[in-house]
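# Pasting the sequence and the predicted coordinates here, then a few questions.
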Amino acid sequence: MYSGGQVSVLAFCYSRAFLNGGGMEYLIIWLLFAGLAAYFSSVKGRSSVGWFFIGALLGPLALVALWIVPSLRFDDTQSRNIASRFGVYAKYRKCPYCAEVVLKEAVKCKHCQSELEPAE
Ligand SMILES: [Zn+2]
């Protein structure tokens, strides 16, 4: 999404601001963005350590990037909902005996202990 050039320009700007300016305020802002990126990434089910560094490097741009990337956790919940509505979706399927959503590979329902046909 960002070229190496853009990243190094940003890193340069940050380090310049750091050396020239008040120092402490920039450090706080820098940590704030890193912390926010780490927090929002964990909410979205992504690596918070990785996003901490991306937040530290890109600042507000990392938050924009995080907002754009699809949430892994949301996708999973959505897959389960679709599976419970239509029978099979992604890695989930609905148990024909108790109507709970189980993993597609499961041969035994974890909810009602029924034997399930192996997935095709
Ligand atoms: Zn079941």
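Sure, I can see it.
# Within range of the ion, give me the residues from the chain.
Cys95, Tyr97, Cys98, Cys109, His111, Cys112, Ser114 (CB under 5 Å from the ion). In short, each C-beta sits where N, CA and C put it, glycine included.
# ok, 6 Å please
Residues of the chain found near the ion (CB under 6 Å from the ion) are Cys95, Tyr97, Cys98, Glu100, Cys109, His111, Cys112, Ser114.
# How about the contacts made by the last one?
Spelled out, it's Ser114. Ser114 is in contact with Cys95, Pro96, Tyr97, Cys98, Lys108, counting by CB atoms under 8 Å, 6 or more residues apart in numbering.
# before we move on, the earlier item: from the residues of the chain next to the ion, which two are the most distant?
Glu100 and Ser114 (10.1 Å; CB to CB).
# any low-confidence regions in the protein?
Counting by pLDDT under 70, the chain has low-confidence residues at 1-22, 70-74, 120.
# Next, please give the residue ranges for the strands of it.
88-89, 92-94, 101-103 (DSSP state E).
# same for the second one, what does it pack against?
Read that as strand 92-94. For strand 92-94, the elements it packs on are helix 72-86, strand 101-103, judged by 3 or more CB pairs under 8 Å, 6 or more residues apart in numbering; DSSP states H and E.
# Then the last one?
Packed against strand 101-103, as judged by 3+ CB pairs under 8 Å, 6+ apart, are the following elements: helix 72-86, strand 92-94.
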